[in-house]
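>>> okay, sequence plus prediction incoming.
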Amino acid sequence: MTTFIFTVYLTSVYFGDPAHTSQMLSYGMTAAGVLIALLAPVTGQRADRSGRNIFWLGVNTLILVALTVLCFFVYPSPQYLWLGVGLISVAAIFNEFAVVNYNAVLPRVSTPANIGKISGIGWSAGYFGGIVALGLVLLLFIGFGESVPALLNLPTDDALNIRAIALFVAAWVLVFCTPVLVRMRNRNEFLPSVLPVRERRSLERGMARFTPSRRGSLVESYRELWRTVVRLRRTQPQTLKFLVASAVFRDGLVGIYTFGGILAAGSFGFTTTDVLLFGIAANAVAGVGAIVGGYLDDYLGPKMLILLSLGAIMLSSIPLFMAPSGQMFWVCGLLLCMFIGPAQSASRTFLARIADPGTEGELFGLYSTTGRATSFLAPLFFGVFVTLYGQQIWGMLGIMLVVALGLALTIPLQAPSATRSRKARRLRKKIEKQRAQQNYRAPFES
């Protein structure tokens, strides 16, 4: 809906000049990003306080499903442009609210020893699931041209075959979210069976420490968020800096996917079938990249893998500006997708490796919410550069600037191994100081 189908439909000639519709979509997504930045941190925090993360995951998912169904009524006419932009923007808000609750599940279905592998497998599973969904859309609704029509053979009048995809997506989300909602309805369900006793107790203490019993007011939620940030700045500055850096480059990575299909159709002449075929290939390449990146993470470390991936993404985009063509978009687009998966997976393992015991849940919650706090950057830069140069292709340059900013913020960070060594040295000095004080007091006490 946000990459290969509905946004491409909204920015097509049905709704006017593609450059104009792209600007309107980018500004709508920018407004959604600002609201997400203001509301997502406290909504996730308040869900934690109430102990009903899974409940709110279900509520936000149902709202998302309802908004997706309403996209069926966006007819191919300029007067429906703002309805479509409004629905996709509001749906993005509730989708991100759901993601905040969803990511909180990760520490409960993994251990500190395998959380990186689980993260990589999770990203790749999402990509491969996307392949199945896109393949079904292609077979059922789009087809392969006049020679191989779609199996459902829906009429193309009023873009019925495109609008019907919204109903398919809504059903897809509802069906595959239901098992998560049912299985995870108990907050601590996975703790006894997955974690060793010591780690389970540590995590339970951490959850109790950062989960107040009372929800309090909305103002108090913002105050608690600020206190958490201040505490991290004082006790774990490298962690806070990484949260900021990852928020920036992750928004750039999301922007590549969000506007990739729009560029394919608007700037390189891809048909809907071409866009879907590219989407299938992109998900396959990204899934393989996430798996391979998970193994490289163990050898190179997450920081080096992030730097290499972001640098490769920026280099892969250069030929698109020098020699723009459909063939070049296939080559560069797949290269971009190959390095997106490793960067996304390594960013989560980076945080997992530097998190202090008992703080994993809080840090992964901040990881989710800080990512939403900058979710307006890529849409904003895309829209600004399209406005300045009058062509969609230059919007990609705006997204690359966001990726470059994230890369620049990541370079000065300490690698997780260095952070762990620093913590170990600090702990040894503390122990040695305590022993020295005990040895000094022992004769007097005796």
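Nice, I can see it.
>>> C-alpha only now, for contacts and for neighbours.
Noted.
>>> for whatever helix or strand Gly406 lives in, which positions count as buried?
Secondary structure assignment for Gly406, by DSSP states H and E: helix 395-410. Using 16 or more other C-alpha atoms under 10 Å as the burial criterion, the residues of helix 395-410 that qualify are 395-404, 406-407, 409-410.
>>> run through the stretch 151-300 of the chain and note the low-pLDDT ranges.
Across the stretch 151-300 of the chain, the ranges flagged by pLDDT under 70 are 186-218, 221.
>>> quick one: the helices in it?
If DSSP state H, counting those that start in this stretch is used as the criterion, the helices of the stretch 151-300 of the chain fall at 160-183, 191-194, 197-209, 218-235, 237-266, 272-300.
>>> check contacts around Thr61.
Thr61 makes contact with Phe94, Asn95, Ala98, Val173, Leu174, Cys177 under the criterion C-alpha atoms under 8 Å, 6 or more residues apart in numbering.
>>> narrow those to just the buried residues.
Phe94, Asn95, Ala98.
>>> what sits against the nearest residue to the last one once chain neighbours are set aside?
I take that to be Ala98. What sits nearest to Ala98 in space, not counting adjacent residues and going by C-alpha to C-alpha, 6 or more residues apart in numbering, is Leu57, at 4.9 Å. When contacts are counted by C-alpha under 8 Å, 6+ apart, Leu57 touches Phe97, Ala98, Val99, Asn101, Tyr102, Leu181.
>>> phi, psi for Ser110 please.
For Ser110, the backbone dihedrals (degrees, to the nearest 10) come out as phi -150, psi 170.
>>> kindly apply the preceding question to Pro149 instead.
Taking degrees, to the nearest 10 as the convention, Pro149 sits at phi -70, psi 170.
>>> contacts only, for it.
Pro149 sits next to Ile142, Gly143 when contact means C-alpha under 8 Å, 6+ apart.
>>> quick check: it vs Gly130, distance?
Pro149 is 22 Å from Gly130, where distance means C-alpha to C-alpha, to the nearest Å.
>>> and what of Ala290?
14 Å.
>>> who's more crowded, the two?
For Ala290 versus Gly130, neighbours defined as other C-alpha atoms under 10 Å are more numerous around Ala290 (30 against 18).
>>> show me what contacts that one?
Residues Gly120, Ile121, Trp123, Ser124, Met338, Phe339, Ile340, Gly341, Pro342, Gln344, Ser345 are the ones in contact with Ala290 under the rule C-alpha under 8 Å, 6+ apart.
>>> going by distance to Lys433, which of those wins?
The shortest distance between Lys433 and any of the contacts of Ala290, using C-alpha to C-alpha, involves Ser345 and amounts to 39.4 Å.
>>> next up, the contacts around the closest residue to that closest one other than its chain neighbours.
For Ser345, the nearest residue in space outside its immediate sequence neighbours is Gly120; the separation is 5.1 Å by C-alpha to C-alpha, 6+ apart. When contacts are counted by C-alpha under 8 Å, 6+ apart, Gly120 is found next to Ala290, Ile291, Gly293, Gly294, Pro342, Ser345, Ala346.
>>> could you dump those to CSV with distance to Ala66?
What follows is the contacts of Gly120, written out as CSV (distance: C-alpha to C-alpha, whole Å):
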residue, distance to Ala66
Ala290, 31
Ile291, 34
Gly293, 36
Gly294, 36
Pro342, 33
Ser345, 30
Ala346, 33
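>>> understood, closing this out.
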